[in-house]
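[1] show me the folded form of this:
(one chain, ligands or ions: 1)
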Amino acid sequence: MESLLISACLLGADCKYSGGNNRLPDELLRRLKSKYRLVPVCPETAGGLPIPRQPSERLGEKVVSRLGADVTAQFQKGAETALELSKRFDCKKALLKENSPSCGSGRIYDGSFSRKLTEGDGVAAAMLKAEGLAIYGESVAETIL
Ligand code: SF4
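    Purely as a prediction, here's the structure:
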């Protein structure tokens, strides 16, 4: 069975900054589970950030929290953990939460903490892409089923 790296919050893990999750609809989860061996990862908590935590956004080469703390190192460490897992389970694809500063692909929040999006990738998504994984957001999950 093919392995699929997946943002843990999409599976229902309460690892969002707020302490909540982004669980996908049950039917979609059922279909994903029947086609793939799911490999969950939450790069932000894997990098050592707590739950709950301040939301963070990418700002140039750095990642900063809403209160101004530099959390670049934690994001980097979490991305490395995601990459390590993808290699261990031989994942060629990843289904990652859209718009997140870790998991977002193509569009992320712009660093102003005003919910505005800009072109770019989250730290983990960028690292996985550079290693050749195909990244999908939850809005196009149907395309890999
Ligand atoms: Fe979900 Fe990714 Fe944020 Fe973790 S880092 S809560 S998996 S979007």
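[2] the strands in the chain, which residues?
    2-7, 36-41, 56-59, 62-65, 93-96, 107-109, 117-119, 134-137 (DSSP state E).
[3] please identify the deepest-packed of those strands.
    strand 93-96 (a mean of 24; mean count of other Cβ atoms under 10 Å). C-beta here means a position set from N, CA and C on the backbone, and glycine is covered the same way.
[4] for that one, what is the distance to the chain centroid?
    Once both centres are worked out by Cα atoms, centre = their mean, to the nearest Å, strand 93-96 turns out to sit 8 Å from its chain's centre.
[5] how about stretch 125-138?
    Centroid displacement of stretch 125-138 relative to its chain, using Cα atoms, centre = their mean, is 10 Å.
[6] same question, stretch 21-30
    Centroid displacement of stretch 21-30 relative to its chain, using Cα atoms, centre = their mean, is 16 Å.
[7] so which residues make contact with that stretch?
    The contact list for stretch 21-30 (Cβ atoms under 8 Å, 6 or more residues apart in numbering) reads 7, 9-16, 32, 97, 138, 141-142.
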